[in-house]
Every structure is written in structure tokens, then in C-alpha cells.
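>>> Fold the stuff below for me.
(4 chains)
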2 protein chains.
Amino acid sequence: MTSTSEPLAPPDRIARRQVDKFAERRRQLADAALLTLSERGYARTSLREIAKDSGFSHGVLHYYFRDKVDLITYCVRQYKAHCVERYDGIVATATEPAALLAGVGDALAGTLAQDALMHRLWYDLRGQSLFEESFRADVAEIDDSLERMIWRTVEAYAGLVGATPTCSPSFAYATVDGLFAQALLRHLAGSSDALDDLRDGVRRQLPTLVG
Amino acid sequence: MTSTSEPLAPPDRIARRQVDKFAERRRQLADAALLTLSERGYARTSLREIAKDSGFSHGVLHYYFRDKVDLITYCVRQYKAHCVERYDGIVATATEPAALLAGVGDALAGTLAQDALMHRLWYDLRGQSLFEESFRADVAEIDDSLERMIWRTVEAYAGLVGATPTCSPSFAYATVDGLFAQALLRHLAGSSDALDDLRDGVRRQLPTLVG
DNA sequence: AGGATTCCTTGACGGCCGTCCAAGAGCGTC
DNA sequence: GACGCTCTTGGACGGCCGTCAAGGAATCCT
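I've put the predicted structure just below:
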């Protein structure tokens, strides 16, 4: 905490107070924003709507965030943290190849069903990053962490069957993510087969990646 | 052409005149709209901007289209026509399995490089359809036609190697589309490996789909 | 040519947007 | 209890949005 009491311009306000309530409110508002974004999509979500859903007035957002891009960027970063935390424990324990295949399939199908709207938001934001440069770096970082997550799975499976990966990390990620994206599409469209097909798809694709 | 000369409400205006200039202008405006959309993305494109890029005034859009959704929907449909027309000739001629793999890889890499912005728009609109119900049906139809296209490729390849497909059409589409989507992402991000990786990826993935 | 019809422009409307700001509320400290 | 600082409110702003209507321009038909 500074002992001087000079008047602070808004940007400084954001830099200060790292540990206390300020940062906490930012997280809280970003959480609310993520919820609204996941329901309405990037293109249809306004700051006023985010504020309304958060229970605060619309003015408060500019007290905690410089502008809309700052808020969305912060949201994306927070979403990333949520992502890797959730997915990092997926592979952890499995001593049989078949069990790992089943575990990974179940984990992916589980999060797809449970966090469908958040995954929808992820694909939305990833798409937006192709048009809006501001998000690109953060989105790419998340994408990398997802690729690494898939790659860890491939390596774990390879280890269990006594083989080594025969493809690049990006190939593994691309094909598995393709399966996941399509399963999400069909799941949200009401297809009841989507989850099972995802499980089967992962179970089928993973073994082709090692040898 | 009707011989009566009753005053027509806007909706009727659209239903009439199927063959003549009316439909042609619609196509022309939709083409301009697709161009603008592919450059700016769905979330950032306004009717005024579309009109400006088309060389007409902003009012004309409501003479040829009921509202914005009508325009975008028409654009999506027109995009679909463009798509299937372009992709339908891809597999056509190939008597050797290796030649088919190379041909498909080159074709996909070629259209990815040449029509990158249009493909970016496709993924954008496909994502939007998960939030905006109005587009969902048309987008699903395009998706189906793409899946069938990939499936024809798989069947052609299976025929050439004297085998049959061992996966579902949706599995084939999901994995190949995953490769394509990631290649597009990396290509637009400036990666020079993206196109070659797409070629290699397709060449690697296709053989795993038959047996 | 001239009237009817089609096509297109222009300007306006209400509404929502992101942003900013003045003022008040809450609250810990002296 | 008064002060100072942090936090929050709610209104105002300019601007862009989609939509629409009135009227001019172009075209067609006889």
C-alpha cells in the first residue's frame, strides 16, 4: 500500500492493490461475465447485460476494467485457469491401456455434457480471435495448453502399451478436438448419440497415434 | 408475370419474380455481403457496411431482403452452393490410392490457402448457429454436405485399396475437419507449416478409416 | 411520348451500445 | 461524530445499429 496519497488515474487504480478485494471483485465480475457470455455468445453480449446478471450496476465495470476488451481478455484468462485445472487431473491414474481409453473418453464426454455452454463459448472465442487481434495471444495460449493436455494423454497411452507416439502433438490435438467439437455441435443440437460417439471416437482414434 | 397491378406488400415483392433481375440482384448483394462478412466477421459486420462495400446505399438491402436474418440466411445458403460446387470435383479422378491421398491433401490445402477468409467465416457462422437458432438449419445442412463429401472420399479410397470403410461418416468428417480447422487457425496465424501439416495429416488419417 | 412500374437514395426514428462522470453510500480511522 | 478513502450508482453523452417511409431516378410498355 502506498503511503503517498496522490490522486490516481484509472489505469493506476487497476495496477494497485493486487492481493485484496479489488482483485477479488475483478474475479467475481469476470465469473458473472463468463456466465452471461456462455449463454448469449460473444456477439450478443453487452456490458450492461453482464452487469445486470452480476447484480451490479453497469457503471461498475469501468471501475474494475479499463474497457470491454480488457474485461473479455481477463475473462478468457480466467476461463483458461478453469480449463487446465479441470482437465489436468484427467489422465492421472490408469494402469491398463483399455482403462485409460475408457477414462479419457468418459472424462471428455463428461465435461462436454456438464460444461457444454462453456465449451460452446470457447469455440466462439477461438473463432473471434481470428477476427479480433486483441484476444489472439490469450486464445493461442489456451489452445497450446489443450494440445499439451492431449499430448500427455497420448504419451501415457503409448507408455502403457509399450510403444511411442507416431504423430505430432498438433495432429493428435487436431483430430481429438475435431471429435470433441463435432460431439458438442450434435449434443447441443439434441442428438443423444453424441456422447457415446465421442467416447467411441476417442477410443478408436487414440490407438492409431502410437506404434 | 402477373397481369393484375395490385399494390404489393414487401413480403410479396420477394416471392415474385423468380427468374429475372430481382433474384440476380439478391445474389449480387449476397456476394458482396459474404465478402464483407468474411473480412470482418459476423459480430462486427453491419448492414450499412455491407451496403457500402456493395456500392449501393444502405436502404437497398431492405428492398431485397426482409431483414438482417433473411440476408445472412440467404448468404449462408449461397455460401453452401459455392462450397459444394467447389469441393464436389475434388475426388473425381484418381486410380492409385497414393494419388488420391495426395490429390485430396492438395485440394484441401489449396482451398484452405486460397479461400482462407471464407473458411474462417464458415467456422464463425457455424459457431453463431449454436447461439442463434435462425441459422441452425442451414448451417446443419451445409455441415451434412461437407460430411458427405468427406465420406465419398473415404469410400473412393476404400475402393482403390480393395477394402471398406471401418468408421462412421461422422467420425471421418470430425477428424478431417479437425485437421482442417487447426490448419486454418495456424495458417491465419502466419505458420508456414500449416499447409504441409494438413497434407501430411490427411495422408495419415485417411488410411486409418478403412480396412 | 407518357404513364406505370420497378429500382434506388436519402433522411429520419427509436433503441441499444460503450464510455464517462458527478454524486452518493459505505466504512474504517482518528 | 467527522473525515478520508473506497466502492457503487444512475444518468448523460455521442455514435452506430436495424428498420422504415417518402420520394426521386430509371426502366419498361404501349
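>>> how many neighbours does A:D53 have?
16 (other CB atoms under 10 Å in any protein chain shown). C-beta coordinates here come from the backbone N, C-alpha and C atoms, glycine included.
>>> and it, what element?
helix A:47-54 (DSSP states H and E).
>>> close to DNA strand C, is stretch A:107-126?
No - residues of stretch A:107-126 contacting DNA strand C under CB under 7 Å from any atom of the strand: none, with a closest distance of 14.9 Å.
>>> Could you list the domains of chain A?
A:10-66, A:76-209 (automatic domain parsing).
>>> With respect to burial, which of these scores highest?
domain A:76-209 (a mean of 18; mean count of other CB atoms under 10 Å in any protein chain shown).
>>> top helix in chain A by residue count?
Longest helix of chain A, by residue count under DSSP state H: helix A:133-160.
>>> circling back to that earlier point, mind checking if the helix holding A:D53 is in reach of chain B?
No - applying CB under 8 Å from any CB of the partner chain, one finds helix A:47-54 separated from chain B by no less than 13.5 Å.
>>> how about low-confidence regions in chain A?
Within chain A, the stretches with pLDDT under 70 are A:1-19, A:88-92.
>>> where exactly do the helices run in chain A?
A:10-15, A:21-40, A:47-54, A:61-64, A:68-87, A:97-114, A:116-128, A:133-160, A:169-188, A:194-205.
>>> Can you name every helix or strand that the helix holding A:D53 contacts?
Using 3 or more CB pairs under 8 Å, 6 or more residues apart in numbering or on different chains; DSSP states H and E, the elements in contact with helix A:47-54 are helix A:21-40, helix A:61-64, helix A:68-87.
>>> Span of stretch A:186-196 from start to end?
With CA to CA, to the nearest Å as the measure, stretch A:186-196 spans 11 Å from end to end.
>>> any idea how far A:A98 lies from DNA strand D?
Distance, A:A98 to DNA strand D, by CB to the nearest atom of the strand, to the nearest Å: 52 Å.
>>> same thing with A:D177?
On the measure of CB to the nearest atom of the strand, A:D177 and DNA strand D end up 32 Å apart.
>>> That residue against B:Q182, yeah?
Yes - counting by CB atoms under 8 Å, B:Q182 is a contact partner of A:D177 at 7.1 Å.
>>> Show the contacting residues for A:F56.
A:L29 (CB atoms under 8 Å, 6 or more residues apart in numbering or on different chains).
>>> Could you tell me the phi and psi values at it?
Backbone geometry at A:F56, expressed as degrees, to the nearest 10, gives phi -100, psi 170.
>>> what does A:S129 give?
Dihedral angles for A:S129 - degrees, to the nearest 10 - are phi -60, psi -20.
>>> And A:E132, by the same measure?
phi -110, psi 110.
>>> What separation is there between it and A:Y42?
9 Å (CB to CB, to the nearest Å).
>>> do the same with A:F180
According to CB to CB, A:F180 stands 20 Å off from A:Y42.
>>> By proximity to DNA strand D, which residue of chain A wins?
A:G59 (2.1 Å; CB to the nearest atom of the strand).
>>> Flag every residue of chain A that's near DNA strand C.
Residues of chain A found near DNA strand C (CB under 7 Å from any atom of the strand) are A:46-49, A:58-59, A:61-62, A:67-69.
>>> So which bits of chain A are right by DNA strand D?
A:5, A:17, A:20-22, A:25, A:55-60, A:63-64.
>>> of those residues, closest to chain B?
A:H58 (20.1 Å; CB to the nearest CB).
>>> Compile the helices and strands packed on helix A:47-54 into TSV and extend it with columns for distance to B:L117.
TSV is the format used below for those (distance: least, CB to CB, whole Å):
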stretch	distance to B:L117
helix A:21-40	25
helix A:61-64	33
helix A:68-87	23
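>>> who wins for proximity to B:A107 among those?
Closest approach to B:A107 among these (CB to CB): helix A:68-87, 34.4 Å.
>>> who's in contact with the closest residue to A:F171 other than its chain neighbours?
Spatial nearest neighbour of A:F171, chain neighbours left out: B:G201 (5.3 Å); criterion: CB to CB, 6 or more residues apart in numbering or on different chains. Shown in contact with B:G201 (CB under 8 Å, 6+ apart): A:171, A:174-175, B:179, B:183.
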